[in-house]
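In: Dropping a prediction and its sequence here:
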Amino acid sequence: MRELGLDNPAALTSLPIFPLPNCVLLPGGLLPLHVFEKRYREMTRDCLAGHQLMGVARLRPGFESSYYGRPPVYEKCGVGRILCSEELPDGRFALLLRGVARAEIARELPSEHNYRLVEARALDDASYDPIDAHDTHRRLISLCDRLAEVIDQGGAQLRDLVRSFDSPGACADAVAAALVMDADARQELLEARDPMVRLQRTLGHVSHLLCELAPCQGAVN
């Protein structure tokens, strides 16, 4: 698979953000969205007419009191590219995003639009030992193969997914996007620039799932 990334890094200088509660978009992940608020319909139209990128920023706890204003969000956010869209007769949109990068919000920009714009910077991976990463990557592939054998649906897709990325860090992101549901755990993975950290945490999650579905003794590796 072609590695994910930003085709247009300059888009981060004025990036529309979609603040959502308990929603974290990881690189490689897919996110279906139902866009119905007027401000986000406007944002969607502008994104589709431009670079087709938007930030998905998780709202911080307590956002309810100022939801229609500018409630605080986590500074680390996912950047998604619109893969497909459908405008419904009443003006709502059905979107599908793919996560392409992790980013950090530097500041919120004044905006003449109803939606929020930020200046952000891409968060590149930290350096890592390629030998250790390769070994852990192979362990992740092996565990995902074992998990694929015991899940009711999606086993073939999981086997394909874990082999779709040459980069160990990108592979961990995609597997975590598919299997890790807890918003706090996903936010921690989004903020982890070290691919080895993401690999180890994803490996641990797959191991835990495997033990739940096929009870085992001791650690799975």
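Out: Looks like it arrived, so ask away. Only a predicted model underlies this, so the values are computations on that prediction, with no experimental measurement involved. Numbering: from 1, shown residues only.

In: for the helix or strand Glu149 falls within, packing partners?
Out: Using DSSP states H and E, Glu149 falls within helix 130-150. Packing partners of helix 130-150 (3 or more CB pairs under 8 Å, 6 or more residues apart in numbering; DSSP states H and E): helix 155-162, helix 168-179, helix 195-213. Yep, even glycine has a C-beta here, placed from its N, CA and C like the rest.

In: Tell me the strands beside whichever helix or strand Pro16 is part of, with direction?
Out: Per DSSP H and E, Pro16 falls inside strand 15-21. Strand pairing for strand 15-21, determined by DSSP bridges: strand 53-59 (parallel), strand 116-122 (antiparallel).

In: In PDB, could you pull the C-alpha coordinates for that strand?
Out: Taking only C-alpha atoms (Å, rounded to 0.1, in the frame of the first residue of the first chain), the coordinates of strand 15-21 have been written out as PDB:
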ATOM      1  CA  LEU A  15      -6.800  23.800   8.600                       C
ATOM      2  CA  PRO A  16     -10.500  23.500   9.300                       C
ATOM      3  CA  ILE A  17     -11.200  21.400  12.300                       C
ATOM      4  CA  PHE A  18     -14.200  19.200  13.200                       C
ATOM      5  CA  PRO A  19     -14.400  19.000  17.000                       C
ATOM      6  CA  LEU A  20     -16.100  15.900  18.200                       C
ATOM      7  CA  PRO A  21     -16.600  14.200  21.600                       C
END
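
In: give the contact list for Leu213.
Out: Applying CB atoms under 8 Å, 6 or more residues apart in numbering, we find Leu213 in contact with 147, 150-151.

In: Columns neighbour count on top of the residues you listed, output as JSON lines?
Out: Below are the contacts of Leu213 laid out as JSON lines (neighbours: other CB atoms under 10 Å):
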{"residue": "Leu147", "neighbour count": "23"}
{"residue": "Val150", "neighbour count": "12"}
{"residue": "Ile151", "neighbour count": "15"}
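
In: okay, those residues in TSV with distance to Pro130 next?
Out: Converted to TSV, the contacts of Leu213 look like this (distance: CB to CB, whole Å):
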residue	distance to Pro130
Leu147	25
Val150	31
Ile151	31
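
In: Mind listing what's buried along the longest strand along the chain?
Out: Across the chain, the longest stretch assigned as strand under DSSP state E is strand 93-109. Residues of strand 93-109 classed as buried by neighbour count (16 or more other CB atoms under 10 Å): 93, 95, 97-105.

In: Nearest the geometric middle of this protein, what residue?
Out: In the chain, the residue lying closest to the centroid (CA atoms, centre = their mean) is Leu26, at 1.5 Å.

In: Next, the distance between the ends of stretch 176-193.
Out: 14 Å (CA to CA, to the nearest Å).

In: how much distance is there from it to the middle of the chain?
Out: Computed by CA atoms, centre = their mean, to the nearest Å, the separation of stretch 176-193 from the middle of its chain amounts to 8 Å.

In: quick one: contacts of it?
Out: 22-30, 58, 74, 76-78, 99, 102, 123-126, 158, 161, 172-173, 198, 201-202, 205-206, 209.
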